[in-house]
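Return atomic coordinates for the entry below.
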Amino acid sequence: MTDVTRADVCAAAIADAFSEDGEIFASPMGLLPTLGVRLAKLTSNPDLVISDGESLFLAGVPPLFAKGDVVEGWIPFRRVFDVVAHGRRHVMMGATQVDRHGNQNISAIGDWRQPTRQLLGSRGAPGNTVNNRTSYWVPKHSTRVLVEQVDVVSGVGPQRAKEAGPAAARFNDIHRVVTNLAVLDVGGPGDTLRLRSVHPGVTVDQVREATGFDLDVPTDLPTTRDPSAEELILIKEMLDPKGLRFKEVPRDEVAR
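Sure thing, here's the model as predicted:
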């Protein structure tokens, strides 16, 4: 499909990350994650439970930043922690840094005792990663983001969770890392990041050059799939007719 953009491919890849979750609360954080989750709800996983990002469970699937026309439940902020602890949730967060072992940083850049940049802070990342399936969205794959070791651990990767003991490791599930170049998981040696697919038009060498550590690459590496004709219609005409997705992955990042 010549009219497929890299942003469309990323939306479909994010949808695929949620496709086999069944009836679970999807918590996307950010524009492309929200688009991908809503795409999954309309296609591969209609049982997904979605919200407006604030306090309402939605029965319908509205466009990005539009109000839901059908509300099926209420989830005030205090109830979110009950859902986190219960575990029936898949969260996709952003990441300022992700390292070889799947640890995430959204806290600070530099030495934690005197950082050069203060970020959001760990917020819900520790609780998410020890209680819920967790994925990450990285709109700009680079050596500044994909690093050997994060400066501060906010989200906990599988190796560190195992070292902390059964309470941390039991439900730790770093599922996918979707970037503007590729899809990764933690299926490499010693639970390290592994390349699952490269997006159309991207080479393995390009991904390696944009990664700050030696990335595990399987021998028979597939290309990330293009969205189907149905998915493209949903993306372009229903979910994101204003093209907001191009704010994260520019239109000139083509899929071919």
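
from here on, contacts and neighbour counts on C-alpha atoms
Will do.

distance of Val80 from Gly68?
19 Å (C-alpha to C-alpha, to the nearest Å).

what about those two, which has more around it?
For Val80 versus Gly68, the count of surrounding residues by other C-alpha atoms under 10 Å is larger for Gly68: 17 against 12.

ok, now which ones touch the more buried one?
By C-alpha atoms under 8 Å, 6 or more residues apart in numbering, the contact list for Gly68 reads 52, 58, 60-62.

at 10 Å what do you get?
51-52, 56-62 (C-alpha atoms under 10 Å, 6 or more residues apart in numbering).

If you tally nearby residues, what's the number for Lys236?
Residues near Lys236, counting by other C-alpha under 10 Å: 14.

Which per-residue confidence value corresponds to Gly73?
We note a pLDDT of 87 for Gly73 in this prediction.

and the nearest residue to it once chain neighbours are set aside, bridged to which residues?
Distances taken as C-alpha to C-alpha, 6 or more residues apart in numbering place Phe57 nearest to Gly73, at 4.7 Å, with adjacent residues excluded. Beta-bridge partners of Phe57, counted by DSSP bridges, are Ser51, Gly73.

mind checking pLDDT for Phe57?
88.

from what I can see it touches Ile24, true?
No - counting by C-alpha atoms under 10 Å, Phe57 does not reach Ile24; the two are 11.9 Å apart.

Not counting sequence-adjacent ones, nearest residue to Pro241?
Using C-alpha to C-alpha, 6+ apart, the closest residue to Pro241 is Ile235 (7.2 Å).

Can you name the residues that contact that neighbour?
Here Ile235 is in contact with 8, 11-12, 35-36, 38-39, 63, 227, 229, 241, 243, 245 (C-alpha under 10 Å, 6+ apart).

Next: Thr34.
11, 14-15, 26-28, 40, 50-53, 63-65, 92, 239, 245.

With Val183 instead?
So Val183 contacts 10, 13-14, 17, 137-138, 176-177, 194-199, 223-224 (C-alpha under 10 Å, 6+ apart).

same check, this time on Asp252
5-7, 246.

same thing with Phe25?
47-51, 57, 83-84, 87-91.

how many neighbours does Arg78 have?
Neighbours of Arg78 (other C-alpha under 10 Å): 9.
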